[in-house]
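Participant: need coordinates for the following:
(one chain, ligands or ions: 1)
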Amino acid sequence: MGQDTAADASRSLRLLASDDLRHHPSTGPQPRRSTPSTPGTPLNLAMVDYLTSAVGEVVAHARTVTDELAPLPDRVEDIYAWYIDQTSDADADEQAYRDTLIETQRLEHAVRLGETDEVCKEPCPRCGCWGLMWEAGRARCSNRKCRTPGGISSSWSPSRLAAQKIRRTEIWRRNAT
Ligand SMILES: [Zn+2]
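Facilitator: Numbering: from 1, shown residues only. From the prediction side, this is the model:
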């Protein structure tokens, strides 16, 4: 896969890691003041935690695949290029896991940036129709007949949609060769 997905995920990560967003999470980017009003403005700790956890997931998987990891890149947004590089000799299952993780993070970054349409570009895993709507942290199927066995309307997490997309891409790839 996936250079495009990795590039997208990387671009979002760079935006999320930018100072403006970290300092002004509720209002988005704002013009920088010429001098900081208070020295040492606290970082948005929730965003720092989010970025740390995203990078942590990537590193944890890379470590299970490769004995000797190269040093982490200086810029956080280079983590996906590093990840692909570190896992390029891994077997197909591990590469599929990696691709799913990158796609999951791409979608999660998009949600953080308010680009929830990105998540809703996948068809519903249950009924196959296009028409997912982002609602309360989940992609909800707009087909009223599409229900869980318990009768609740279908809704999906970014990671579930990412897994579906990577599996489908894998099937196309296999059929094409
Ligand atoms: Zn559905």
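
Participant: does the spatially most central residue of the chain fall in a helix, a strand, or a coil region?
Facilitator: For the chain, the residue sitting closest to the mean C-alpha position, by Cα atoms, centre = their mean, is Gln105 at 1.4 Å. When states are read from DSSP: H, G, I helix; E, B strand; the rest coil, the local structure at Gln105 comes out as helix.

Participant: quick one: contacts for it?
Facilitator: Gln105 is in contact with 9, 13, 54, 57-58, 80, counting by Cβ atoms under 8 Å, 6 or more residues apart in numbering. Where C-beta positions appear, they are placed from N, C-alpha and C, glycine not excepted.

Participant: what about those residues, which are in helices?
Facilitator: Secondary structure assignment by DSSP state H places 9, 13, 54, 57-58, 80 of the contacts of Gln105 in helices.

Participant: which of those lies closest to the ion?
Facilitator: Ala9 (25.8 Å; Cβ to the ion).

Participant: ok, back up a step: the contacts of Gln105: which ones sit near the ion?
Facilitator: Applying Cβ under 5 Å from the ion, the subset of the contacts of Gln105 adjacent to the ion is empty.

Participant: so what's Leu72 closest to, chain neighbours aside?
Facilitator: Excluding the flanking residues, the one nearest Leu72 by Cβ to Cβ, 6 or more residues apart in numbering is Trp82, at 6.7 Å.

Participant: cool, and Val65?
Facilitator: Nearest one to Val65, counting by Cβ to Cβ, 6+ apart, is Ala90 at 4.5 Å.

Participant: the one you found: what secondary structure?
Facilitator: Ala90 falls in the coil class when you classify it by three-state DSSP.

Participant: what are the phi and psi values at it?
Facilitator: Backbone torsions of Ala90, given as degrees, to the nearest 10, read phi -70, psi 160.
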